[in-house]
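Asks: Build me a model:
(chains A, B and C)
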Amino acid sequence: MGASNKPVLWLPFAAGGMLAALALPALVAVVLLDSLGRLPGGGLDYARVSAWIGNPWIAIALFAFVSLVLWHAAHRLRMTLQDLGVRRPGARRVAARLCYLGAGLFTFVLGYQLI
Amino acid sequence: MNSSSPSSAASTRMVTLDVARFRPESEPAPSWQSYQVPVLEEWTVLDALNHVKDHIDGSLSYRWSCHMAVCGSCGMMVNGNPTLSCKSFLRELPDQIRIEPLANLKVIRDLVVEQNRLIDGMAAAKTWLIPREPPPADQAYRQTPAQLAQYRPLSMCINCMLCYAACPQVALNPGYLGPAALALAQRYNLDSRDAGAIERMQTTASDDGVWECTFIGECSEVCPKHVDPAGAIQQMKLASSLEWFKRRLGLGGDA
Amino acid sequence: MKTQSFQPQLPTFWWLQRGNYRRYMLRELTSLPIAVYAVWLILALLRLGQGAEAWAAFRASLATPAAIGLQLIVLVFAVVHSVSWFALAPRTMPIYIGTRRVADAWIAAAHYLAWAVLSVLIFLAIGV
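Replies: As a prediction, this is how the structure comes out:
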C-alpha cells in the first residue's frame, strides 16, 4: 500500500459538491424562469449576458464553478457505476477514465470559451 | 443465560427461527433450517438460539459471551438487519424470524463469520496509541476533558462488525479496510496524546482506505454504540486530502 | 483439517434492499442531471461566443417544452443534492466548543442560511 493520489479526485469533488449545493438550484431556477419568460427585467438577453461574461472576475468565478461542479458529478457518477455493477478491475478503469476524461474535456472547452 | 425453560402451556408463544446453517464438511453452501421455539416475554433472539442449542439441536454454532451488548460477539442478521442478537428482543419481532450470519463476511460455520477483515484492518491502520512523547515521570499522560471529548464517541466501538455487514463497499472491494478499522484509526488520530496520524495515512489514505467509502452511512445507523464511522471516514478524507496538498506544496514538514 | 469458508455474494440490486440504500442511490444519481446541466452551461457559453443570433437561437431552444421539462428535472435533482449535502456536511466538519460538539442541526442551519443568502443574491444579480 502507500499514499494514494485520490485527494486529486476527492477534494475537487467535495468543493464542487458544496458549490453545487449552495448555488446550482438558484442558477437553474433563474434560467428556467427566463425560458418561461417570467424573469422581471431584461431577462438573459445577449447584451446583458455577454457584458457579464466580459467581466474577468465573473468569467473566472464561472469557470471555477462549472468545472468543479462537473468534476463533482463525474466523480460521483464513477463511484455510482461501481455500485451499480461495474465491478471487474478493467471495467472500473474504463468507467473511471470515461468520467474523468469527459469532465476534463468539457472543462477544456469551457476554459477555451471564457478566455 | 435463561436457565428457566418456558412451560409448554398453551399460552406460551411459539416462534419459528429460520436459521442459515453452513456445515463446510458436508455442504458447499449454506442451507436453511427451521426451529420451533417456545419463548418467554423478555427473551432476546440470543435466548431463543440458546434454547435451540441446549434443548433442540446442539450442533448449531454461533458466537456469544456477555449477553449485555458489551462484548460484541453475537452480531448476526435478524430479518435482514445487522443486529446484536442479545439486544434484539423477541417482543419486537414477528413470530417467524430469519437469522443469518453477518452479511459481506466469509462464513466459517452456521452463524460464525471470519473476523480477519476487522482484525487485519486494525493492524494495517495501526489502531493503537503512538505516543507523542515518552510518558511523564508519574507515568500518566494528562488530558483535558475537551481533548477527551474529541475522540470519546469513537472509542465506544466494541468490534462487533455490524458496520461491516451494513457496508456494501466491504463486499464490493475485498481490500477495503472497512468502517470500524478506519473509525478506530481516527479515534487515535484525534487523541491529544497520539502522534501517529501521518503514519496511519500510509494505509488509511491508500487506495484500500477511506477513498473506497461512498458515505452510504448505514454503518453508523446499525452501530449499537452510536459510533459514527461514516462521519469519521469523511473527516479522514478531508484531513488526508489537505495533508496531501500540503505536502505537494512543500508545506508538510514532518515525516 | 483445512475447512472451507463460504464467501457470500452481494446481490446486483443490493441498493434496493434497504431504505437508506435507496435514499443513497437517489442522492448519488443527482450527479447525472447535474452533469448534463454543467455540459449545457458550457454549450450555452459556446453559443454566446458565436454572437447575438446564435445566443437568441439557444435561448429559444431552452423555451421548448422538452427543454423546460428537462430543466424542471434538473431543478428537482439539484434541490435533492442540496438537501442531502447539507444533511451530511456536519458529520464531515464537526465543530467543538470545549467538551461539547456543536449540534449537527446548527451546522446544517448555517449551510441552509448560506444557501438562502446566495440564492437571493443570484436572483438579484441575474434576474432583476
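Asks: Any residues of chain A in contact with chain B? List them.
Replies: With C-beta under 8 Å from any C-beta of the partner chain as the criterion, chain A comes near chain B at residues A:1-11, A:14, A:79, A:82-83, A:87. C-betas here are computed from N, CA, C, even on glycine.
Asks: Derive a ChimeraX selection command for the buried subset of those.
Replies: Filtering the residues of chain A next to chain B down to the buried ones (16 or more other C-beta atoms under 10 Å in any protein chain shown) takes a single ChimeraX command:
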select /A:3,4,6,7,9,10,11,14,79,82,83
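Asks: From the residues of chain A next to chain B, which shows the smallest pLDDT?
Replies: By predicted confidence (pLDDT), the lowest-ranked of the residues of chain A next to chain B is residue A:1, with 46.
Asks: Tell me the secondary structure at the most centrally placed residue in chain A.
Replies: A centroid search over chain A (C-alpha atoms, centre = their mean) returns residue A:70, at 2.1 Å, as the residue closest to the centre. Using DSSP: H, G, I helix; E, B strand; the rest coil, the three-state assignment for residue A:70 comes out as helix.
Asks: now do residue A:4
Replies: The three-state label given to residue A:4 by three-state DSSP is coil.
Asks: Distance check, it against residue C:31.
Replies: 22 Å (C-beta to C-beta, to the nearest Å).
Asks: Tell me which residue is most central in chain C.
Replies: When C-alpha atoms, centre = their mean is applied to chain C, the residue found nearest the centroid is residue C:81 (2.9 Å).
Asks: Which residue is the nearest non-sequential neighbour of the residue nearest to the centre of chain A?
Replies: residue C:38 (4.1 Å; C-beta to C-beta, 6 or more residues apart in numbering or on different chains).
Asks: Check whether the one you found really touches residue A:107, as I assumed.
Replies: No: the pair residue C:38 / residue A:107 is not scored as a contact, 9.4 Å apart, by C-beta atoms under 8 Å.
Asks: which residues are in contact with both of the two?
Replies: When contacts are counted by C-beta atoms under 8 Å, 6 or more residues apart in numbering or on different chains, residue C:38 and residue A:107 have A:66, A:70 as shared neighbours.
Asks: Name the residue in these two with the higher neighbour count.
Replies: Relative neighbour count places residue C:38 above the other of residue C:38 and residue A:107, with 28 against 19, counting by other C-beta atoms under 10 Å in any protein chain shown.
Asks: Using neighbour counts, pick out the buried residues of the helix or strand harbouring that one.
Replies: Here residue C:38 is covered by helix C:31-49, with elements defined by DSSP states H and E. Taking 16+ other C-beta under 10 Å as the neighbour-count basis, helix C:31-49 is seen to contain the buried residues C:31-35, C:37-45, C:47-48.
Asks: Against which helices or strands is that helix packed?
Replies: In this structure, helix C:31-49 packs against helix A:6-35, helix A:46-54, helix A:56-84, helix A:89-114, helix C:52-62, helix C:65-92, with contacts taken as 3 or more C-beta pairs under 8 Å, 6 or more residues apart in numbering or on different chains; DSSP states H and E.
Asks: And the third one, what's buried?
Replies: Same thing as helix A:56-84. With burial defined by 16+ other C-beta under 10 Å, the residues of helix A:56-84 counted as buried are A:59, A:62-63, A:65-84.
Asks: Also the first one?
Replies: Along helix A:6-35, these residues count as buried under the neighbour rule (16+ other C-beta under 10 Å): A:6-7, A:9-14, A:16-35.
Asks: go on, the fifth one?
Replies: Using 16+ other C-beta under 10 Å as the burial criterion, the residues of helix C:52-62 that qualify are C:55, C:58, C:59, C:62.
Asks: Same check on the shortest one?
Replies: Of the residues in helix A:46-54, those buried under the neighbour-count criterion (16+ other C-beta under 10 Å) are A:46, A:49, A:53.
Asks: what's the closest non-adjacent residue to the first one?
Replies: The shortest distance from residue A:46 to any non-neighbouring residue, by C-beta to C-beta, 6+ apart, is to residue C:52 (4.2 Å).
Asks: So what's the residue count around residue B:151?
Replies: By the criterion of other C-beta under 10 Å, residue B:151 has 19 neighbours.
Asks: quick one, what contacts it?
Replies: The neighbours of residue B:151, taking C-beta under 8 Å, 6+ apart as the test, are B:186, B:187, B:188, B:190, B:191.
Asks: for residue B:218, same thing?
Replies: Counting by C-beta under 8 Å, 6+ apart, residue B:218 touches B:166, B:167, B:230, C:18, C:20, C:21, C:24.
Asks: Buried ones among those residues?
Replies: Taking 16+ other C-beta under 10 Å as the criterion, what is buried in those is B:166, B:167, B:230, C:18, C:20, C:21, C:24.
Asks: Name the SS class of the last one, please.
Replies: When states are read from three-state DSSP, the local structure at residue C:24 comes out as helix.
Asks: my read: residue A:74 touches residue C:32, true?
Replies: No: applying C-beta under 8 Å, one finds residue A:74 not in contact with residue C:32, separated by 10.6 Å.
Asks: can you give me the helices for the stretch 51-200 of chain B?
Replies: When secondary structure is read from DSSP state H, counting those that start in this stretch, the stretch 51-200 of chain B shows helices at B:116-125, B:145-151, B:162-166, B:168-172, B:179-189, B:197-204.
Asks: With respect to residue A:100, which of the ones you listed lies nearest?
Replies: When these are ranked by distance to residue A:100, counting by C-beta to C-beta, first place goes to helix B:168-172 at 19.6 Å.
Asks: And that closest one, how far out from the chain middle?
Replies: Taking the mean C-alpha point of helix B:168-172 and that of its whole chain, the gap between them comes to 14 Å (C-alpha atoms, centre = their mean, to the nearest Å).
Asks: Repeat that for stretch B:219-237.
Replies: 11 Å.
Asks: Pull out the buried residues from that stretch.
Replies: By neighbour count on 16+ other C-beta under 10 Å, the buried set for stretch B:219-237 is B:219-225, B:227-237.
Asks: among those residues, which are within reach of chain C?
Replies: Restricting the buried residues of stretch B:219-237 to those near chain C by C-beta under 8 Å from any C-beta leaves B:221, B:228, B:230, B:231, B:234, B:235, B:237.
Asks: What does the pLDDT read for the second one?
Replies: Residue B:228 carries a pLDDT value of 97.
Asks: which stretches of the chain aren't confidently modelled?
Replies: Since you didn't name a chain, this refers to chain A. A:1-3 (pLDDT under 70).
Asks: Not quite, go with chain B.
Replies: In the prediction, chain B carries residues with pLDDT under 70 at positions B:1-10, B:252-255.
Asks: Which single residue in it comes nearest to chain C?
Replies: Using C-beta to the nearest C-beta, residue B:231 is the residue of chain B that sits closest to chain C, at 3.3 Å.
Asks: Name the nearest residue to that residue, sequence neighbours excluded.
Replies: Setting aside the residues directly before and after it, residue B:231 is nearest to residue C:91 in space (C-beta to C-beta, 6+ apart), at 3.3 Å.
Asks: need the contact list for that neighbour.
Replies: The contact partners of residue C:91, taken as C-beta under 8 Å, 6+ apart, are B:228, B:230, B:231, B:234, B:235, C:104.
Asks: Residues of chain B that sit close to chain A?
Replies: With C-beta under 8 Å from any C-beta as the criterion, chain B meets chain A at residues B:124, B:168, B:172, B:201-203, B:205-209, B:211, B:214, B:237-238, B:240-242, B:244-245.
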